[in-house]
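S.K.: Need a 3D model of the following:
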Amino acid sequence: MTESLSNQITDYAIKALFYEVSLSPKPGLVDPLTTGAHQDMNLFTFIDSTISLRPYFHQYLHAGLTHKGTPRELFDKLRKIGVAAEKAMLRATHAINTHKGANFSFAVILGATGWYLQEEKTLPLIKEDSERILTYTQQMTNHLLAEDFNDLEKKTQLTYGEKLYLEYGITGIRGEAAAGYPSLSHKLLPFLRTTVDFPMEERLLRGLIFLMSEIEDGNLLHRGGLSAWQTVKEESKKIHQATFSKEELLDELQSYDRILTQRHLSPGGSADLLALGIYFAQLEEIL
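M.R.: Numbers count the residues shown, from 1 in each chain. Model prediction:
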C-alpha cells in the first residue's frame, strides 16, 4: 500500500469521528448545538480527542499491513498501541473519556483493514470486502469474552463494561467485536447502502436512530439501567418507523434530545457504531 493510500484510510477513520460529532440534533449526545446528557464534555473536547488519536489510528493500520502472524497476535499488537492511544486521548481531554469505546473498535477494524489490504486491494471496497474485514475482527477478538470477563467477582475495581456484564450479562463492545460487529454488517451498513439518495446529514441521523432502536447500548444501560435502555429502544423505533420529512425528523430529534438530556441518558454506543459505519461507507464510496 502506498503512503498516500495509508494516509487516506487513516483520514477516513478520523473523518468518521468528526462527521459523527458534527451531526445535529442527536438525542442525548454531544453535537454543535448542545452537550446532550454530558456535562463534562463538549464539541471542542471531541475535536481535541479525535486529533490526539490520529497517529495511533495510523499505527493500527500499519500494524495490520505488516502483520504476518495469527489474528490473536495482531490483536495483542493493537492492544499495546491502544493503551498508548487512550493515554494520549485522556491527556488531550484532561482525563475526560470521550472515545474509549471508539478507540477500541477502530483499533481492531483499522488493524483488520490493513491486514486485508495486504492483498493489494484498491479502493473503493465492495460489500464483500467489508464483510471479510469484519470477519477478521471476529477472529482477532473471539477470545475476549472468556479472558476479559474471567474471575470478575474477585476484582476490587471494575470497568463500566465489567459491571454491565456482572449485572445484566451484557457483553458490550467486546461482544460486538467477538461476533464480527453484526450491528454493522446486518444493520447499519445495509441501511446506508440502500439510502444513497438521502442527503448525507439526514441519512446519518436516520442511521443513528435505527441503531438506537436495535442495539445493546452499554452507555444507556450504565446510565439508566435495563428499563431506560428498553424505553429508548421503543421510542427510537417509533421515530425510525415514522414517515417524517427531513424537517419533521429534525424537529422530532430536537424534542427527543431535550427528553434524553432531562433523563441524563446518552446513546454513546450507537454513536460509536455510527462512526464505524461512516468509516466503511467511505471505504465503499457510498457517502
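S.K.: In this structure, where is pLDDT below threshold?
M.R.: 152, 154 (pLDDT under 70).
S.K.: My guess is Phe46 contacts Leu17. True?
M.R.: Yes - if you go by C-beta atoms under 8 Å, Phe46 and Leu17 touch, sitting 7.4 Å apart. Bear in mind the C-beta positions are built from the backbone N, C-alpha and C, glycine included.
S.K.: So those two - more neighbours on which side?
M.R.: Remark: of Phe46 and Leu17, Leu17 carries more neighbours, 28 against 22, as counted by other C-beta atoms under 10 Å.
S.K.: tell me the SS of the residue nearest the centre of the chain?
M.R.: Central residue of the chain (C-alpha atoms, centre = their mean): Asp272, 2.4 Å from the mean position. Classification of Asp272 using DSSP: H, G, I helix; E, B strand; the rest coil returns helix.
S.K.: Can you check which residues contact both of Phe46 and Leu17?
M.R.: Common neighbours of Phe46 and Leu17, counting by C-beta atoms under 8 Å, 6 or more residues apart in numbering, are His99.
S.K.: I figured Ala177 was touching Leu144, is that so?
M.R.: Yes - using C-beta under 8 Å, Ala177 is in contact with Leu144, at 6.8 Å.
S.K.: Specify which residue of the two has the higher count of neighbours.
M.R.: For Ala177 versus Leu144, neighbours defined as other C-beta under 10 Å are more numerous around Ala177 (25 against 19).
S.K.: hey, where'd the helices end up in this structure?
M.R.: 3-22, 43-65, 71-92, 100-116, 127-141, 144-148, 160-168, 172-178, 182, 189-193, 200-212, 218-241, 246-262, 268-283 (DSSP state H).
S.K.: Adding distance to Gly36, write those helices out as TSV.
M.R.: As requested, those are arranged in TSV below (distance: least, C-beta to C-beta, whole Å):
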stretch	distance to Gly36
helix 3-22	11
helix 43-65	11
helix 71-92	19
helix 100-116	16
helix 127-141	29
helix 144-148	29
helix 160-168	18
helix 172-178	20
helix 182	26
helix 189-193	23
helix 200-212	12
helix 218-241	11
helix 246-262	5
helix 268-283	9
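S.K.: Tell me which of these lies nearest to Thr34.
M.R.: Comparing the helices of the chain by their distance to Thr34 (C-beta to C-beta), the top pick is helix 246-262, with 6.4 Å.
S.K.: any idea how far the residue nearest to the centre of the chain lies from Ile173?
M.R.: Look at Asp272 and Ile173: by C-beta to C-beta, to the nearest Å, they are 7 Å apart.
S.K.: Cool, thanks, signing off.
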